[in-house]
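S.K.: dropping the sequence and predicted coords here.
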Amino acid sequence: MRTIICASLLASLTILGGCATEGPSTNGDSVRAMIASQTVPPQPRIERGMDARAAVSAYRNYQGSYATPTAQGDGGAFGGK
């Protein structure tokens, strides 16, 4: 009985050794950094914006792509002959 207890204690300590970290704990810094990278800033960045003329042109091009779609080539992915 004593051998089983010692063996289970040794196995438990070995398994829990994998949970130990080397160095200081970060206390969730990586999670906060990930959330911050995915959040939209409250004020838009002016240096990344586009001018109104380019935005209207891009929108018209987008809308026109549905009215007159371009023909797609015969793809070989699904057994095209």
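M.R.: That came through, no problem.

S.K.: how many neighbours does Gln72 have?
M.R.: 6 (other Cβ atoms under 10 Å). The C-beta positions use only the backbone N, C-alpha and C, and glycine is treated the same way.

S.K.: Ala55 now?
M.R.: A total of 11 residues lie near Ala55 under the criterion other Cβ under 10 Å.

S.K.: check which helices and strands the helix or strand encompassing it sits against.
M.R.: Element membership for Ala55, per DSSP states H and E: helix 52-67. Contact partners of helix 52-67 among helices and strands, from 3 or more Cβ pairs under 8 Å, 6 or more residues apart in numbering; DSSP states H and E: none.

S.K.: run through who's touching it.
M.R.: Met50 (Cβ atoms under 8 Å, 6 or more residues apart in numbering).

S.K.: for it, output the C-alpha coordinates as PDB.
M.R.: C-alpha atoms of helix 52-67 as PDB (Å, rounded to 0.1, in the frame of the first residue of the first chain):
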ATOM      1  CA  ALA A  52     -13.200  60.900 -50.800                       C
ATOM      2  CA  ARG A  53     -12.600  60.700 -54.600                       C
ATOM      3  CA  ALA A  54     -10.700  57.400 -54.200                       C
ATOM      4  CA  ALA A  55     -13.400  56.000 -51.800                       C
ATOM      5  CA  VAL A  56     -16.200  56.800 -54.200                       C
ATOM      6  CA  SER A  57     -14.300  55.300 -57.100                       C
ATOM      7  CA  ALA A  58     -13.600  52.100 -55.200                       C
ATOM      8  CA  TYR A  59     -17.300  51.900 -54.200                       C
ATOM      9  CA  ARG A  60     -18.500  52.300 -57.800                       C
ATOM     10  CA  ASN A  61     -16.000  49.700 -58.900                       C
ATOM     11  CA  TYR A  62     -17.300  47.300 -56.200                       C
ATOM     12  CA  GLN A  63     -20.900  47.900 -57.200                       C
ATOM     13  CA  GLY A  64     -20.200  47.500 -60.900                       C
ATOM     14  CA  SER A  65     -18.500  44.200 -60.400                       C
ATOM     15  CA  TYR A  66     -21.900  42.700 -59.500                       C
ATOM     16  CA  ALA A  67     -23.700  44.300 -62.500                       C
END
